[in-house]
Each structure stands twice: as C-alpha cells, then as structure tokens.
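Participant: I'd like to go over a predicted model; first the sequence, then the structure.
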Amino acid sequence: MPPKTGVKTLIIGAGFAGLCMGAQLRRGEDDDFLIVDKAAGVGGTWRYNIYPGAECDIPSSLYSYSFAPNPTWDFKWAKQPQILKYLESFTEDEGLRAHCRFEVTVIGAAYDTQEKRWTVKFADGSTVVCQFLISAVGQLHHPRFGEFKRRDSFKGAQFHSANWDHSVDLRDKNIAVIGNAASAIQLIPELQAAAKSLTIYQRSANWIIPKGDRAYSKFEKWLAAKIPSIAKLYRGSIWAAGEFFLYPVIQGKKIRAKILSAASRAHMRKAIKDPEMRRALTPKYPIGAKRVLLSDKIYPALASENVELVIAGVHSFTKGGISDAGSTFRAHDVIIHATGFVTNPFLKELNIIGVLGQSLKQHWGKGASAYLGLMTHGFPNLFMLYGPNTNTGHTSIVYKIEAQVEGVLKLMTQAAQGAIEVTAKAESDFDAEMQRRLAKMTWAKIDASWYQDKGRVTNNWPGPSREYSRRARNPNADHFSVSSP
C-alpha cells in the first residue's frame, strides 16, 4: 500500500522508538501520523537479528515499555522471538497497525521554509508532505563487514549474523566466526553444539560478566500479572543496579571497576583452564570503555574441544577457508561475520536537506551532535529518537526512548501549526558540554570503538540515565525558536 500524500507526522522506523512515538500520539488523541519501515513488519532490529541464540542483553522487565508491562516473559533475559512477539502484540493493542506502511524505504527529505513542511521521498519515487518528521531508525541496523582480502573468493556459505541464512545446514560443519562481541557471544554456544569444528577469529577481547539467566516460574508470572506493583518494583531494582553500580564503572570509579573486573576474571576462570587462553581473553583496556558483555555460556563454549580461538587476526580469504595474519590456513565450510554494524555517520542512508539547502551530512561533517539528541539547528520540525549522544552502556535504551517521546510531544505542542527549531547557541553549548564530560569517561580512554566518530564520542550519553530522562522530558523552551505558519 503506497504512503499517504500528506500527513501531520511521519515517523521513520517501526522498532521500539517509532512504535512508542505512535502509541503516545494515539493516547493523546492524535491519529494524523504515519509510521513507515523498510522491513516487512514491525520490530526493527528484532526482526532482522534472528541468529541462533539471539536475545537481549538487558533484562526483559526493563527492556519493555513502562506503560505496557509484559507479565508473560519466559526468561529473565528475553529471547528474540518473544521480543518480536511483544512488539507485534503492542502494535495491535495500541491500534497502530492502520498507521503502519511496510516495505517502504525513505531515501531523503527536504524542508520548505515557506510552507514550513517536509517533503519526504521514497525509493519508489513517491513523496509525502508532513509537518513533523521523526527519525526512529536506531543506531544498529546496517551490517558491517571487515575489509578482508579476497572475501568474495570463498566458495562456501558466508553471511552476516544480522542477515542469517537459515537454509544453511550447520550440523557437523567446519564453521568460522569472525568477531567475538555482543552478537558473537550469543551465537557461538549454539554453533559449538552443532559444529564439527568452530574457529573464532578474535579482534580484541571483551569484558564479560555472568548473566544469571533463568526461566521465570509460573508463580512469578502469575504474581507479575496479578500484582503489577511488585513487577514495577522488580523493574526498578534492575534499573537501580545499572544506575548505581555499572554507571560508576563507566565513569571510571576505581573500586567498582576493580570489583566488576574481578567478577569477570573469576567467571572466566571457572571454565577456561588454559592460562594462555585466559590471557588472550582478558582485555587490555579499562572495563567499561566498551560495552560490558553478559553471558553464562560463552566461556564453557570456548573451552570445548571442538573450538579454536585465533587471535592472529584474519589476513585473507581463499576459496576453501581463511589465512590468518600468521600465515596459518584453516579450512572452513561456512564463514559467519559477527562484525557488528556501521554506526557512524548517523542517518547515513538519508539525504536530509534543511534550511538554506544544507544537508544533515554537511551539518554533521565533524561528527554528529544534537541538542538532547532530539534536534539539530537548521532542521526545523525534525526530531530524532535514539539520536546522537543518547546511547547507553548501563541501562535500557527503552527507558530513554520514553523520555525522548515525552519531550518531542511537548516540542510539537509548542510548535502548534508552525515550526520549532533549536537555536544554534543551545546546540553548540550542549555539544560542548557533552564533549567536555565525555572526555572524562572510560569511552574516551581507547583509540577506537563504535561509540566514536572523527575523534569524538558521538553515540553515548555521559551522565546517569535519570539525568537524561529529566532533561529530555522537560526541554527548556528558551532553547528553541518558534515560527508561526
């Protein structure tokens, strides 16, 4: 079904952020909006990432909307199928299905300063005009492949973890996994159980702590359904653990960092007996500088007889396998790239043109920045959810998304029928504050990570999540200019 020709609000993306925005618009009795997504249905990253073992690294009770709790979570850490089911049910319950258009790819948008409207262009050549344009496309949805020599020469099956090929039979195969971070530590235990041999090509080690995952009992589910206040209290306890213990680690607080790194090493020692392997798996950067990973299964899998850890790095592909940087060749039947996502520059797939004909890419030439991660000067009525400097390393992004949506709704109300824009000074002052504070965080103590772009930390928020929530929910009206229709 083609998009409408005109709508008050256009939302790009039908993941957690876009659906939250749509739900709150409907709850505010505003039905003049459209949610578009290039996928065949809702879910965002949880529709694409369907690799074996895919699950969230935030407890399910916190990785869900506070206003739409789910007492039927099967596990403390929800698996991909149930997260997708939760979002699909939420879409139906909130009456959002009629507002969604799928398999619709946005390629750009241009702002008309006279009409104070955005014209959004789609890949099929059609357009839609809207007053408010909201990006809810997320940060982790463009698969990234390493730049390896002769990658296309390999004759076996190879694919990215985010584009899993379920037609490939992995049983009794010689499998290679390139990468060992968030996605890899979930799929490696599943592959180890099926493979004849499994080779892990590690670029750098990660700090990993036990997850403590388990299934919820029938009684716990009953209690969550019948006494919501208990479920709310439990959710709050999970939030507090991240806020008051893990966040100080990211800040660089030495005592907490020592406690957490000791827990990580102890977790490793239980399964990994080989001291050489332990050294290879121990990071050389401060804990918290990259996302702290959680897994109960990865170390026992790595210790299995059919698993080899390679730290020499990938040099080149051949038609039958991989040669590492030490010139050792290993034959593989299947190669899986668990190499993460292209995270910068932000909104790289969209050609967004603001006032005076300046593109968003030009505006962000030195790295993305946005006031509260929500708006950037020169682009009136353009809002971002999960935008620059809003990512989190210690809590649920859904908690922040809810705050962002509330703030955006207030700004939309302030704009009325006209246009609202953050001032250049407010944006500049905010960016200076972010970079000053981020320079003191552990993220700035390593040379490169997906959090960084052009020498700046562009993805993460430097403070506690409660600070962000307070500021995003109540944007300072003095930091914006409003023009009448």
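Facilitator: Done, it's in. Since we're looking at a predicted model, the values are computed, not measured.

Participant: What are the boundaries of the strands in the stretch 251-400 of the chain?
Facilitator: Using DSSP state E, counting those that start in this stretch, the strands assigned to the stretch 251-400 of the chain run over residues 293-294, 307-310, 314-317, 321-324, 329-331, 334-337, 351-353, 382-384.

Participant: These: which one's closest to Ile175?
Facilitator: With distances scored as CB to CB, the stretch of the strands of the stretch 251-400 of the chain nearest to Ile175 is strand 334-337 (4.8 Å). C-betas here are computed from N, CA, C, even on glycine.

Participant: ok, that closest one: who's next to it in the sheet?
Facilitator: When pairing is defined by DSSP bridges, strand 334-337 lines up against strand 157-160 (parallel), strand 174-178 (parallel).

Participant: Give me the contact list for it.
Facilitator: Contacts to strand 334-337, defined as CB atoms under 8 Å, 6 or more residues apart in numbering, come from residues 143, 145-146, 154, 156-161, 168, 170, 173-179, 187, 191, 317, 322.

Participant: if you set the cut-off to 6 Å instead, what comes out?
Facilitator: For strand 334-337, the surrounding residues in contact (CB atoms under 6 Å, 6 or more residues apart in numbering) are Phe145, Gly156, Ala157, Gln158, His160, Lys173, Ile175, Ala176, Val177, Ile178.

Participant: Kindly report the same for stretch 111-121.
Facilitator: Under the contact criterion CB under 6 Å, 6+ apart, stretch 111-121 has outside partners 10, 107-110, 127-131, 133, 354-355, 418-419.

Participant: measure that stretch end to end?
Facilitator: 11 Å (CA to CA, to the nearest Å).

Participant: need the helix or strand of the chain with the lowest average pLDDT.
Facilitator: strand 452-453 (a mean of 76; mean pLDDT, DSSP states H and E).

Participant: Would you give the sheet partners of that strand, along with the direction of each?
Facilitator: In the sheet, strand 452-453 lines up against strand 456-457 (antiparallel) (DSSP bridges).

Participant: what distance separates the strand it pairs with from the centre of its chain?
Facilitator: 17 Å (CA atoms, centre = their mean, to the nearest Å).

Participant: cool, and stretch 204-222?
Facilitator: On CA atoms, centre = their mean, the centre of stretch 204-222 falls 20 Å from that of its chain.

Participant: So which residues of the stretch 1-150 of the chain form helices?
Facilitator: For the stretch 1-150 of the chain, the helices defined by DSSP state H, counting those that start in this stretch occupy 16-27, 45-48, 80-93.

Participant: Please identify the most buried of those helices.
Facilitator: Mean neighbour counts were compared across the helices of the stretch 1-150 of the chain using mean count of other CB atoms under 10 Å; the top stretch is helix 16-27, at a mean of 24.

Participant: Run through who's touching that helix.
Facilitator: Applying CB under 6 Å, 6+ apart, the contact partners of helix 16-27 are 11, 33, 35, 94, 96, 99, 134, 136, 385-386, 398, 401, 405.

Participant: follow-up on the earlier one: save the strands paired with strand 334-337 as CSV, and put in distance to Gly455, mean neighbour count and mean pLDDT too.
Facilitator: Shown next, in CSV, are the strands paired with strand 334-337 (distance: least, CB to CB, whole Å; neighbours: other CB atoms under 10 Å; pLDDT from 0 to 100):
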stretch, distance to Gly455, mean neighbour count, mean pLDDT
strand 157-160, 27, 18, 97
strand 174-178, 26, 25, 98
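
Participant: Indicate which one of those is closest to Thr328.
Facilitator: Smallest distance to Thr328 across the strands paired with strand 334-337 (CB to CB): 12.7 Å, for strand 174-178.

Participant: for the stretch 151-300 of the chain, which spans come out with low pLDDT?
Facilitator: For the stretch 151-300 of the chain, applying pLDDT under 70 flags no range at all.

Participant: can you give me the offset of stretch 13-20 from its chain's centre?
Facilitator: 12 Å.

Participant: hmm, back to that, for the contacts of strand 334-337, give me CSV that also has distance to Glu115.
Facilitator: As requested, the contacts of strand 334-337 are exported to CSV (distance: CB to CB, whole Å):
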residue, distance to Glu115
Phe145, 42
Gly156, 55
Ala157, 51
Gln158, 49
His160, 41
Lys173, 58
Ile175, 56
Ala176, 54
Val177, 52
Ile178, 49
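
Participant: what two of the residues you listed are the furthest from one another?
Facilitator: Put simply, by CB to CB the two of these set farthest apart are Phe145 and Lys173, 20.6 Å from each other.

Participant: Of the two, give the one with the bigger neighbour count.
Facilitator: The neighbour count for Phe145 versus Lys173, taken as other CB atoms under 10 Å, is higher for Lys173 (19 against 13).

Participant: Go ahead and flag the most central residue of this protein.
Facilitator: The residue lying closest to the centre of the chain (CA atoms, centre = their mean) is Leu140, at 4.5 Å.

Participant: shouldn't it be in contact with Gly340?
Facilitator: No. Judged on CB atoms under 6 Å, Leu140 makes no contact with Gly340 at a distance of 7.9 Å.

Participant: Lys270 is in contact with Pro300, correct?
Facilitator: No. Between Pro300 and Lys270 there is no contact under CB under 6 Å: 8.4 Å.

Participant: The two: which is more packed in?
Facilitator: Neighbour totals were compared for Pro300 and Lys270, and Pro300 leads with 15 against 11 (other CB under 10 Å).

Participant: residue contacts, the closest residue to the more buried one other than its chain neighbours?
Facilitator: Spatial nearest neighbour of Pro300, chain neighbours left out: Ala271 (4.6 Å); criterion: CB to CB, 6 or more residues apart in numbering. Contact partners of Ala271, counting by CB under 6 Å, 6+ apart, are Tyr299, Pro300, Ala303.
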